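Participant: Need coordinates for the following:
(chains A and B)
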Amino acid sequence: MSVSEQTPVLECRNLCISYFTRAGEIPAVVDFNLKLMPGEAHGIVGESGCGKSTVALAIMNYMGKNGGIVGGEILFEGRDMRTMSGEELRRIRGSKIAMVYQEPMASLNPSMKLGEQLAEVPIYHEGVSREQAIERSQKMLASVRLPDPQRIMNSYPHQISGGQQQRVVIAMALLSNPKLLLLDEPTTALDVTVEAGIVELIKEISAKFGTSLIYISHNLGLILETCSRLTVMYSGEAVESGDIGTVFTKMRHPYTRGLFSSIPVPGADKNMRPLRSIRGQLPLPFARPTGCYFGPRCDHFVAGRCDQGILPMLPVESGSSHFVRCVRFNEIDWSRATTRSDQHAPIETGAIVLNVSDMSKHYTIESGSAVLLGAKKTVKANERITFRAREAETIAIVGESGCGKSTFAKVLMGLEGATNGKVQLGDVDLANLPVQRRSENVISRLQMIFQNPFDTLNPSHSVGSQISRVIRKFGVERDPAKVEERVNQLLDIVKLPRDFAKRRPRQLSGGQKQRVGIARAFAGDPKIVIADEPVSALDVSVQAAVTGLLTDIQRENRTTLLFISHDLSVVRYLADRIIVMYLGKIMEKGTTEEIFSPPYHPYTEALLSAVPIADTSVKKRKIVLTGEIPSPSNPPPGCPFCTRCPYVMKGICDTQVPPQREMAPRHVIACHLDEATLRAMQPVITIEPREMEAELVAGGA
Amino acid sequence: MLKLIASRLLQMVLIMGVVSALLFFIFDSDKFKKQIAVAELGGFAVSALSDQDYQNWLERKGLNVPFYERYAKWVGGILTGDLGKSYQTNEPVATLVADRLKKTGILGFWVFALMIPLSLTFGIIAGMKEGSAQDRITSFISIVTTSLPEIATAVILMSIFALWLRWLPANSAMVGGWNWLALVLPVMTLVLYDFGYVARMTRASMAEVMTSQYIRTAILKGLPYKRVILRHALRNALIAPFTIIVLQMNWLLSGVVVVEFFFQYAGFGKLLLDAALFGDIYVIQAATLVAVFVAVLSQIISDVGYSFLNPRIRFS
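Facilitator: You can find the predicted model right below:
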């Protein structure tokens, strides 16, 4: 025991990893240090392209044919992995070091039964018989809380849900009881309530088996929930590392601080305390500045000091385990609040512009490929959706995958016709008016911002021509000079340089593309803009900029924003009113304040509890849902949530459609629970008074 | 699945009906009738024929009735197994086509028997390591063999093996009875041509599978490389080439015209060519039906096989 306590499970010393391309050597990770003790959980956090996944794959010694370790060492249980032979590496992979990946579906072999994919781990690592291996796999599936392991063993990956797939991958990683588990964004592809279950499982595992964890994520909230130490990476370098509590409350690197002020935590408010994005962009790996890589984006940059030489990781205090790669961390006044961005008065909402009443959208699908004549099935993608939107109001539609939020957007845009009900835009009923039959005026009043900025811009047209096309098409301007002027104005509004008009989409970053998408949506002076997950494909520091932009434009143009999202943190920050959907039905609707405080719908309650919050002063009541989201083609006849609801009342919830209880004017909860029970619910999220940074600094010094 | 097969077969019958009716209609024109007469009696004899004699000749051949009557009679004949008689040789079409089909079948069998293992093996080996020496060599050979047209390959092979080395006969007409040696050159020509195509497809498919995340999972699970390739990569990599190979059946049936004609091999392709030049309507009709049948059959096989190889389709 004492030996294992002294030898770290894993140690990276001054690790440098490079990729070799035609353009030459590209350093992906520079001077990376990490020491992981047995049973410890270490988080690596950073935005896309910071090198965090490269570190994980380097630990596995799997860097493809053009990548390689160019300096430093990786010690696994004291032995340098770089000197191991291929056969030695093979024996360690999957048995002593195991990995869980971001996309569970893609990381399982589609044409092999899961049982066989699991059983081969003990067969090839320990030489056990097939029967034993299968028995062990089945037990492991049960211990990652998968129902009916027998059936799962005989299934192919596509036959089970994403959450179940990830549990299978975790079971596969644990089969040979590894010393080290690498988790590379293990829940990013999953729904938030499913994510909460997986996170719970991961915590249990590390406690039960004593496995050391390296948890890679872009989500600070998840790291806070799972890890005891963390490393913040930026542009291939670790910029800060230390205990979770220290780094979260007393960060000493301007980038870490920037990251924290750009994520929406409770307390942030789009009007009074808007998020601050980090200006500029991540430098490309071959165009990093000398000195501090963060220098050009840093508010505390001092020429002549920050741009000299190679910066080392420095201990914050001598002997402390809190390190930071900043030469000026001692000179910066950390107690001073970050410069406040502009405060605004809340926007006054106006008249009703959109009135959706009892809108339903049903799809008929044929089922059964083996049968000669397939039976018809009805998928109720949207069921009796009712709400009103006012001018300059932001309404968020929240829900997990399959809840019907995207179908709703399609009906609104006229890509699908509603089965029932009305969608009133002014005096026009859009419910059954396909986009081809809508007048230009109607189309221009209703525009959309799409989730994926990478796919929604035409790669062969310049940015300017894509925006000007909309302007001309909707007849905002016709005169070429005026069209060009308008394009320039729009680029100014979305804070892009005017000469971007000549660029093609491939020359832009993700955030810039999304700005173009926003400019295009607003080019026709729309009254209502539907934003379908507009920031979920973007990094957090860019997210803050884009949400800020949307709020500014809304304030300016008094546009109504329908914000479709699965991310409750962003929704809380941005929305005035929230509609919570589950399997095509509205579970709860009300103001943001009403949704985030009791009384809750039980689903809202679970959803709030599931969202990881990157704030140490936030305490959450834990509600972990069991089970999976039912298939929309076969929802329970009563309340759609009854299969997972902790309050379920047998015989009522599963058979009868719940009543709409109006808890306050326009705050509606669709639930069988009586009003008194609903009103007696305790808050899920409570914020303890934050310890003041200034006091901590004073006390520490 | 049954539904799919049933609908494909229905499609097949429809295509057959439409195409055969169309062909009958086209061959009903006076010009084509004359062409048959010229082919049978010789140009001079036809030009010497009086109108009456020509009408008698048409009557004897059964060509004087309207085409729809002939078509109806022909369809009736098919249903009883009678495909009519060849104008050219006066043999029953059924025996003629069956014999030629058998010959092309033998040719096709050997082409497949050699081409499939060769191209799959080389394709897989090349795709395993993209950009490696083995990949470059295979890709180079594939490009060369595929870009050479069959006729060029045939000429080259014939001059080397028949004219220069004198190992193999240059002519595959087999007038003196069946001769296996005479089959070698046509088979080689076709294998060489097809190898490149299938090998390149297999390589692309394998290379894609090798970069997939589940192969990374398999490697990082610590499986031996052999197991990763044979158990994890192979099956997924074979899905695309399988479809392509089955669809090659179609190509082999009628695409072999050039090779069969060049080597004078009495196969289906050559029959089709001769019949087309002669205007031998019943032979053309029968050959068309066979070709349509094989085309649809190969599609059914590829669809069924695809769904068996790919569980995502089978169980969705």
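Participant: Which of the three states applies to A:Pro289?
Facilitator: Look at A:Pro289: counting by DSSP: H, G, I helix; E, B strand; the rest coil, its state is coil.
Participant: Name the helix or strand for residue 214, please.
Facilitator: I'll assume chain A. strand A:212-217 (DSSP states H and E).
Participant: meant chain B, my bad for not saying
Facilitator: Assigned by DSSP H and E, B:Tyr214 falls in helix B:213-220.
Participant: From the chain's centroid, how far away is that helix?
Facilitator: Relative to its chain's centre, helix B:213-220 lies at 39 Å (CA atoms, centre = their mean, to the nearest Å).
Participant: Is any residue of the helix or strand just after it near chain A?
Facilitator: Remark: after helix B:213-220, the chain's next helix or strand is helix B:225-227, criterion DSSP H and E. Yes. Counting by CB under 8 Å from any CB of the partner chain, chain A is contacted by helix B:225-227 at B:Arg227. Every residue, glycine included, has its C-beta placed from N, CA and C.
Participant: Run the angle between whatever helix or strand comes next after helix B:225-227 and helix B:213-220 for me.
Facilitator: Per DSSP H and E, the first helix or strand lying C-terminal to helix B:225-227 is helix B:234-254. Interaxial angle, helix B:234-254 versus helix B:213-220 (axes from the mean of the first three to the mean of the last three CA atoms, to 10 degrees): 130 degrees.
Participant: Is chain A within reach of helix B:234-254?
Facilitator: Yes. Contact of helix B:234-254 with chain A (CB under 8 Å from any CB) involves B:235-236, B:239.
Participant: Please list the residues of chain B that sit near chain A.
Facilitator: B:1-3, B:6, B:131, B:212-214, B:216-224, B:227, B:231-232, B:235-236, B:239, B:309-312, B:315-316.
Participant: any idea which of the residues of helix B:234-254 next to chain A has the most stuff around it?
Facilitator: B:Asn236 (22 neighbours; other CB atoms under 10 Å in any protein chain shown).
Participant: gap between that one and B:Asn310?
Facilitator: 8 Å (CB to CB, to the nearest Å).
Participant: and stretch A:134-145, what's its mean pLDDT?
Facilitator: For stretch A:134-145, mean pLDDT is 91.
Participant: Tell me, how many residues neighbour A:Ser111?
Facilitator: With other CB under 10 Å as criterion, A:Ser111 counts 19.
Participant: ok, now A:Gln102?
Facilitator: For A:Gln102, using other CB under 10 Å, the count is 19.
Participant: Please apply the same query to A:Pro598.
Facilitator: By other CB under 10 Å, neighbour count at A:Pro598 equals 15.
Participant: Hmm, A:Gln682 and it touching each other?
Facilitator: Yes. At 6.5 Å, A:Pro598 counts as touching A:Gln682 under the criterion of CB atoms under 8 Å.
Participant: circling back to that earlier point, go ahead and name everything in contact with the helix or strand just after the strand holding A:Ile214.
Facilitator: Toward the C-terminus, strand A:212-217 is succeeded by helix A:220-226 as the next helix or strand (DSSP H and E). Residues outside helix A:220-226 that contact it (CB atoms under 8 Å, 6 or more residues apart in numbering or on different chains) are A:41, A:43, A:45, A:187, A:195, A:199, A:202-203, A:213, A:215, A:217, A:230, A:244, A:248, A:259-260, A:263, A:569, A:611-616.
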